[in-house]
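Chemist: only the shape, not the letters, is given here:
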C-alpha cells in the first residue's frame, strides 16, 4: 500500500478517536447488565442487603470487564502514539479488535448469571483472547510494515509484538481451567488485566518518541 | 447557498465528528440485542453450549450489522476527506444517512429473532438500502455543487457517485430474494459489505488530496 | 463574572463537544425504545408485516424525536459558533438544555405506546418546550452579557433571541390541543422541528463571523 | 516516574476526552432506567397522570444523578485545566473515578425503585462517596507530585485538595441518616451537588492559568 491509496483511509487520529468512542461506550454500557433485584418488602434494608450480596458474581464480572476494557484503552493509546500511518490491514485488524471488545458485555452478562458454568466461562475467555490476539496482530503488522514514527526504536516494537501473546495464552489457559475448576478461571480473569496493566510503563519507556499530545 | 449563510452551518469537521459519535454508539449498542439465554441447570456446560448455538442467527445478524456500520464509517471518512464545504442539503442528506444507520439495531434484532421471515429480511434490506441511497445522494450532491477540495480530481468524485448505486441495488435484490429463498438474502447481506469494503482503496487513490489528518 | 473566575469553567469548545456527545447518544438511544414484536408464526411474512404496521406510532415518535434532536444539534452549533466565552450561568442553562434533551427518550417511548393519550402527548410537548425555553434563555443571556465574538452583529443575536420563543409557544399550543384532539398535537410535533430547521439559514447569514471551523 | 516512561501514557488531553465520553454516556443512559408505566386504559389522561406521579421517586433519582454527574463533569474539567502531565497513578485514580461514576445508573435505579429502603439509599451514598474520594485523591496526588502547569498557584491546588473531603464526608453522613430517617438522606443527596457546584468559581479564580481552551 502506497501513500496515494492511504489517502482514502481514515488517519491514525480518526481511528484512535473512533476506537476511544467505542471503548468509552462499551465500558459505560456494562452497567446496563445490572438490573435492580426484586424486593418483596420494599423498605426492608436486610432483604436489600441479602439481594445485593446475591448479585456478587454480577458485580465481579462488571469489575473484571471494566478493568479489562480500561487496560485495553491505555494500551491502545500506547500503540497509536507510535503509529504514523494506517494501512488497510491495520484498519481491519483494529475493527476486529473493536468487534471483540464491543461484544464483551454479552459474555460479561453470561458469567455474571452463570458464574459456575464452564462453557460460559470459556466463552468469556475466548472473547478476551480474540481481543488480545487482534491487538497482537496489530503490533506485528506495524512492526513488519514499519508503520511507526521515524523516532521509534524498532526493538521496542519488536518486544511489544513478542510479549503480546502472553495475554491470549493465559486466556486460553483460563478457558481450559474453567472445565477443571471454575474458580481458577475467575482468578485468572482478575490476574490477566493486571499483567497487561503492569507491562505498560516498561517497554516503550526507552523509545525516543516526542512528549507532545497527539490529539 | 453562498458562503455567508454557510457560516451558520456546522462545518465538515463538526459533522464528521458528530457522525462518528453516532456510528460509534450504533456499533456498540448492537450488543444490547443479545440477551443471555435462560439455562435450566445453571452449571451445565452442555446446556450452555446448546443454548449458545441456538443463538446462532442473533450472533450472525450482530456480525453483519457490525461490519456494515464499520464499512460505512470508513467510507464516510473517505467522503469527508474530500469535502471542503457543507451546505444545507448535504447536512440533511447526512442526517438521513444517520437516521437509517442509527435505526439498524431494530431490524438487526428482528432478523436475529425471525431469521426465516421474508418480510423481516426485506425490512433489514430496506433500511440498509436507504443508508446506501442517502450516501449516494451525498456523493452526487457534492459532485454537482463542487463541495470538494480544490485539489480533488472531479473524475474521482464522479466515479464514486456513479458506482454508489450498486450497493442499494444489491440490497433491493436481497429484499426480493428474501421472498424466494431466505438463505439467499442472508448470503447477500454478508457479501454486500465486502463489496463496499473492497471498492474503497481503488477510486480515491489517484486523487491528489493531501495526506494530512483533517481532525 | 470576570475573566479570572471564567478560567475555572470549561471553555465553549469543551462545552460544545460534551453537548455533541450527549446529543449523539440521545439520538442513537431512541432506537432502544423499539422492541421486536412477538410473532406467533416466526416465518409468516404477512403476520410480520401486520405487526410492523401496528408499530406505526412507535416509528413515528422515533422519527419525530430524531429530527427534533437533529435540528437542535444544528442550532446548538449555530449558537456556539457565535460564542466566545462561557460564564457560569450559560454553563448551567446549557446543562438544563441537556437535561431536557436527554430526557426525550422517555416521553418518546410514552407517546409511541399511548399515541391517543392527551396527558402523555402533553408531557412530550412539555419536555420539548423546556428544551426550547432553555435554549432561548441561552440566546438571551449571551445577548445581555455580550458573550459572542467581537465580529458578530448584535442585531443578529437579538433577532435570534426574540424569535426563539415561537417554538416553545407552539409546543405549549400542542399540549393544549392534545386535550382537544390528539392528532392535532401529532401534526404540530411534526411541523415545529421544520420551523426550527427552516429558520436556520436566515438569521446568522448576514453576520461577519469567520468561516473557519472552531473545533 | 520520569518523562520517558510518561511517553507511554495517554496525555491529559486524551484522558480528559475519554472521561468526557464516559460522563456524556452515563448522563444520557440514566434515562433508560425510566420505563413507561402500564396503563389499563391507553387513552385515559387521568390514569396516565396518576401513573406519572407514581414515578415521582424515579424522576427525582434521575434528576439527582444527572446533576451529580454534570457537576462532576465541570469539576473534572476544572481539574484537568490545571494539569500538565499524567502519571500512572493519576491514570488509575481517574479510572477509579470513572468506575464509580459509570456505576451510578445502578444505584440510581435502585433508589428510584425502593426510595424508602435504608440499605439502598446507603448504597447510593457509598457510590457517590467513592467518586468524591477518588477525585480528592486525584487532587492530592497532583499536588504532591506537582503535576500542574508552571503558572498555577500551588495554594489553589492545596486548597482544592483540602476542601475535597467535605463532599465524601457528607455522603457518609447521608448513608448513616438513611437508617435513621430516609427523607433526610434524600435531602442531602439534593444538597451535596449544590455544594460541589457552588465551590467551583471560588478556588481557582485567583490562579493565573491562561484562558486558552486546552482542547
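Modeler: Received the coordinates, thanks. Note that the structure is a prediction, hence the values are computed from the model and not measured. Numbering: from 1, shown residues only, chains lettered A, B, ... in the order given.

Chemist: identify the residues contacting the nearest residue to residue A:157 once chain neighbours are set aside.
Modeler: What sits nearest to residue A:157 in space, not counting adjacent residues and going by CB to CB, 6 or more residues apart in numbering or on different chains, is residue A:143, at 4.7 Å. Every residue, glycine included, has its C-beta placed from N, CA and C. Applying CB atoms under 8 Å, 6 or more residues apart in numbering or on different chains, we find residue A:143 in contact with A:154, A:157-158, A:161.

Chemist: which one of the residues you listed is nearest chain D?
Modeler: residue A:157 (12.4 Å; CB to the nearest CB).

Chemist: that closest one and chain B, how far apart?
Modeler: According to CB to the nearest CB, to the nearest Å, residue A:157 stands 21 Å off from chain B.

Chemist: repeat for residue A:32
Modeler: Residue A:32 is 7 Å from chain B, by CB to the nearest CB.

Chemist: which residue is the nearest non-sequential neighbour of the residue of chain A positioned farthest from its centre?
Modeler: For chain A, the residue at maximal distance from the C-alpha centroid (CA atoms, centre = their mean) is residue A:41, at 40.1 Å. Counting by CB to CB, 6+ apart, residue A:47 is the residue found nearest to residue A:41 once chain neighbours are left out, at 5.6 Å.

Chemist: about what we covered before: now the strand or helix carrying the residue nearest to residue A:157: buried residues?
Modeler: Assigned by DSSP states H and E, residue A:143 falls within helix A:118-144. Using 16 or more other CB atoms under 10 Å in any protein chain shown as the test for burial, helix A:118-144 gives A:118-140, A:142-143.

Chemist: and stretch A:54-68, by the same measure?
Modeler: A:55, A:58, A:60-68.

Chemist: what's the answer for stretch A:152-165, then?
Modeler: Across stretch A:152-165, burial judged by 16+ other CB under 10 Å covers A:152-153, A:156-157, A:159-161, A:164.

Chemist: pLDDT of the helix holding residue A:143, averaged?
Modeler: For helix A:118-144, mean pLDDT rounds to 97.

Chemist: coming back round to it: just the buried residues of stretch A:54-68 now: which is nearest chain C?
Modeler: So of the buried residues of stretch A:54-68, ranked by how close each gets to chain C (CB to the nearest CB), first place is residue A:66, at 18.9 Å.

Chemist: name the helices or strands packed onto the strand or helix carrying the closest one?
Modeler: For residue A:66, the enclosing helix or strand under DSSP H and E is helix A:56-82. When contacts are defined as 3 or more CB pairs under 8 Å, 6 or more residues apart in numbering or on different chains; DSSP states H and E, helix A:56-82 packs onto helix A:12-29, helix A:88-103, helix A:105-113, helix A:118-144, helix A:154-163, helix A:182-203, helix D:88-103.

Chemist: residue contacts, whichever residue of chain A sits closest to chain C?
Modeler: Proximity to chain C, evaluated over chain A using CB to the nearest CB, is greatest for residue A:25 at 8.2 Å. Contact analysis of residue A:25 by CB under 8 Å, 6+ apart lists A:102, B:24-25, B:28-29, D:21, D:25.

Chemist: let me know the pLDDT of the residue lying closest to residue A:16 once chain neighbours are set aside.
Modeler: With sequence-adjacent residues excluded and distances taken as CB to CB, 6+ apart, residue A:16 is closest to residue A:80, at 4.5 Å. Residue A:80 is assigned a predicted lDDT (pLDDT) of 92.

Chemist: what do you get for residue A:177?
Modeler: 97.

Chemist: I'd like to know how many residues surround it.
Modeler: A count of neighbours around residue A:177, defined by other CB atoms under 10 Å in any protein chain shown, yields 20.

Chemist: and residue A:167, how close does it get to residue A:197?
Modeler: 11 Å (CB to CB, to the nearest Å).

Chemist: the more surrounded of these two?
Modeler: Neighbours per residue (other CB under 10 Å) separate residue A:167 from residue A:197, with residue A:167 holding more: 24 against 19.

Chemist: list the buried residues in the strand or helix carrying that one.
Modeler: Residue A:167 belongs to helix A:166-180 when assigned by DSSP H and E. By 16+ other CB under 10 Å, the buried positions in helix A:166-180 come out as A:167-168, A:170-175, A:177-178.

Chemist: on that earlier part again, reformat the contacts of residue A:25 as a markdown table; add pLDDT.
Modeler: Output for the contacts of residue A:25, formatted as a markdown table (pLDDT from 0 to 100):
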| residue | pLDDT |
| --- | --- |
| A:102 | 97 |
| B:24 | 96 |
| B:25 | 96 |
| B:28 | 96 |
| B:29 | 95 |
| D:21 | 94 |
| D:25 | 96 |
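
Chemist: can you check the pLDDT for residue A:7?
Modeler: Reported pLDDT for residue A:7: 52.

Chemist: and stretch A:59-70, how far from the chain's centre?
Modeler: The chain centre lies 10 Å from the centre of stretch A:59-70; the measure is CA atoms, centre = their mean, to the nearest Å.

Chemist: shaky segments in chain A?
Modeler: Of all residues in chain A, those with pLDDT under 70 make up the ranges A:1-8, A:199-215.

Chemist: kindly recompute the last result at 90.
Modeler: Low-confidence segments of chain A, defined by pLDDT under 90: A:1-14, A:78, A:81, A:151, A:156, A:160, A:163-164, A:192-215.
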